[in-house]
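Asks: Below is the sequence, then the predicted model.
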Amino acid sequence: MPRAPRHPLFWLCASVIWFCVLWYLSSGTHAGFTLPPIEHFDKFQHFGYFFGGAVIFSAYLFRRNPANPRWRIIIPVVILVMAAVGWLDETHQSFVPGRSGNDHFDWLADILGATAGALVFKAIHRRLKWDS
């Protein structure tokens, strides 16, 4: 397995890029982009996107002090930051023509995805060969 980047700045930049892509996706209807005709499929997309964001942000916080990660701080911080980003995303969407926002179930999917992402990262971070 290849080594993951070790420098925290890499993971911080990846988190900023993740946020910018989220903002772009939330800023329009993106004509021609259609979802499968599965009811509530968007909740899976929210979960998956925030799962990925939480993994990236967890990696950033972990890499700041890999010798002594403080998981009791990292995990709640990741969940709270992702919850705030999810709320901002839902609010932002409510001002975009052609989009609906303030969907509490979308936000719940964001939070659940972030929680799962942070916990999965904690469980697998040792396999990335970068503890030191």
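Replies: Alright, I've got the coordinates. Residues are numbered from 1 along each chain as shown.

Asks: can you map out the helices along the chain?
Replies: Ranges of helices in the chain, per DSSP state H, are 8-26, 41-64, 71-93, 104-124.

Asks: ranking those helices by burial, who's on top?
Replies: Mean neighbours per residue, mean count of other Cβ atoms under 10 Å, is largest over these for helix 41-64, with a mean of 21. In this view, the C-beta of every residue, glycine as well, is placed from N, C-alpha and C.

Asks: helices or strands next to it in the packing?
Replies: Helices and strands touching helix 41-64, by 3 or more Cβ pairs under 8 Å, 6 or more residues apart in numbering; DSSP states H and E, are helix 8-26, helix 71-93, helix 104-124.

Asks: Can you say which of the ones you listed is nearest to residue 59?
Replies: helix 8-26 (4.4 Å; Cβ to Cβ).

Asks: Please enumerate residues in contact with that closest one?
Replies: Residues from elsewhere that reach helix 8-26, judged by Cβ atoms under 8 Å, 6 or more residues apart in numbering: 5, 49, 52-53, 56-57, 59-60, 63-64, 85, 89, 92-93, 96, 99.

Asks: gap between stretch 5-16 and the chain center?
Replies: 14 Å (Cα atoms, centre = their mean, to the nearest Å).

Asks: Spit out the contact partners of the most centrally placed residue in the chain.
Replies: Nearest to the geometric centre of the chain sits residue 53, at 2.1 Å (Cα atoms, centre = their mean). For residue 53, the contacting residues are 15, 18-19, 22, 82, 85, 113-114, 117, by Cβ under 8 Å, 6+ apart.

Asks: Which of these sits closest to residue 44?
Replies: Nearest member of the contacts of residue 53 to residue 44, counting by Cβ to Cβ, is residue 113, at 9.2 Å.

Asks: Surely that closest one touches residue 44?
Replies: No. Residue 113 is beyond contact range of residue 44, at 9.2 Å (criterion: Cβ atoms under 8 Å).
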